[in-house]
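>>> Following is a predicted model, sequence given first.
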Amino acid sequence: MVSQEQRRRQLAREKFLRQQERRTTARRKARMRNSVIASVLGVVIIGSLALYTTGVLKDDGTKNENAGAEVSPTPTSKAPDPCEKPADGKVKTATWKKEPELTVDKSAKYTMKLATTCGDIDIDLKASAAPHTVNSFDFLAGKGYFDHSKCHRLTTNGIYVLQCGDPTGTGTGGPGYTIPDENLKDKSLKDNIYPAGTVAMANTGQKNSGGSQFFLVYQDSQLPPSYTPFGTVSESGMKVLKKIADAGESTGQGDGAPNATVVINKATVTKS
């Protein structure tokens with residue numbers, strides 16, 4: 001027969017054990033949470049430095065091997081896709097052995113329209129300052145090279161750009177030829193800042209290695225002046241870029257595929 005006092009002590013002991021178990025569990029969860037936070041912050045810091053110092057805006061298969069090397073991406077809740085379904089059609093895989101003949105009129109005004117699933121992005125092109133680049137885009141757009149291609153990369157930490165122009169959607173594709181660097185002393189580039197609205201060429205990190213990949217800056221970004229600035233996004237186009245940026249990128253670490261389905265349904269270059 002258990003006395004009332006013994007029963008009281010037993011209940012008190014069981015309560016104490018339950019409290020201890022809860023505290024142990026809480027401490028274990030806190031340690032795991034802090035470890036994850038520290039790891040993610042470490043990757044973001046290392047990744048941001050690597051993006052700047054190694055030239056993140058690369059193509060033709062060049063990758064940043066340092067960022068995220070030790071920590072797997074942390075699962076994130078995916079923002080709703082703000083864009084429409086892509087138009088019917090397939091990307092073209094044609095390549096050319098050499099840069100197209102320079103036929104651009106340096107005295108004329110050229111504009112490029114990217115009709116994307118997220119809205120139209122209109123770009124004023126700098127034909128007089130970057131004739132080889134504008135000439136190449138005029139040629140490629142005329143061949144339908146960009147049509148139905150994905151904008152495969154969005155960076156949201158350290159630099160703020162949307163990267164497009166690779167029909168393979170992998171960051172390794174190109175037209176088969178390269179074009180020279182141009183306009184690297186553009187008056188818009190001050191203190192190594194590519195201002196919001198700039199459209200510039202991606203490259204492999206080597207001189208004169210631009211191909212077809214380009215990036216659109218949606219927020220002032222500090223970068224070395226190594227990427228040919230060849231256009232400026234219109235005000236309405238900037239609203240489209242903001243919508244894409246607000247949807248975030250897929251890794252949660254500031255550099256990955258955009259959550260928005262950004263596909264260039266049609267790219268058109270117009271001379272006026």
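That came through fine.
>>> Checking my notes, N135 in a helix, right?
Yes - counting by DSSP: H, G, I helix; E, B strand; the rest coil, N135 falls inside a helix.
>>> Which neighbouring residues are in contact with the residue nearest to it when sequence neighbours are not counted, exactly?
Nearest non-adjacent residue to N135, counting by Cβ to Cβ, 6 or more residues apart in numbering: V104, 4.0 Å away. To be clear about C-beta, it is placed using only N, CA and C from the backbone, and glycine gets the same treatment. Going by Cβ atoms under 8 Å, 6 or more residues apart in numbering, V104 touches Y110, A127, P131, V134, N135, D138.
>>> Read off the pLDDT value for V104.
In this model, V104 is scored at 97, pLDDT.
>>> can you count the residues close to D181?
When neighbours are defined as other Cβ atoms under 10 Å, D181 has 20 of them.
>>> part of a helix, is the residue nearest to N135?
No - counting by three-state DSSP, one finds V104 to be coil, located in no helix.
>>> what's the longest strand in this structure?
Among the segments of the chain that qualify as a strand by DSSP state E, the longest is strand 263-271.
>>> for that one, which positions count as buried?
V263, I264, N265, K266, A267, V269 (16 or more other Cβ atoms under 10 Å).
>>> quick one on the thing from earlier: using JSON lines, lay out the contacts of V104 together with neighbour count, pLDDT and distance to G169.
JSON lines is the format used below for these (neighbours: other Cβ atoms under 10 Å; pLDDT from 0 to 100; distance: Cβ to Cβ, whole Å):
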{"residue": "Y110", "neighbour count": "24", "pLDDT": "98", "distance to G169": "26"}
{"residue": "A127", "neighbour count": "21", "pLDDT": "98", "distance to G169": "28"}
{"residue": "P131", "neighbour count": "22", "pLDDT": "98", "distance to G169": "29"}
{"residue": "V134", "neighbour count": "27", "pLDDT": "98", "distance to G169": "24"}
{"residue": "N135", "neighbour count": "23", "pLDDT": "98", "distance to G169": "25"}
{"residue": "D138", "neighbour count": "21", "pLDDT": "98", "distance to G169": "23"}
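>>> Pick out whichever of the residues you listed sits closest to V161.
Taking Cβ to Cβ as the measure, V161 lies nearest V134 of the contacts of V104, at 19.6 Å.
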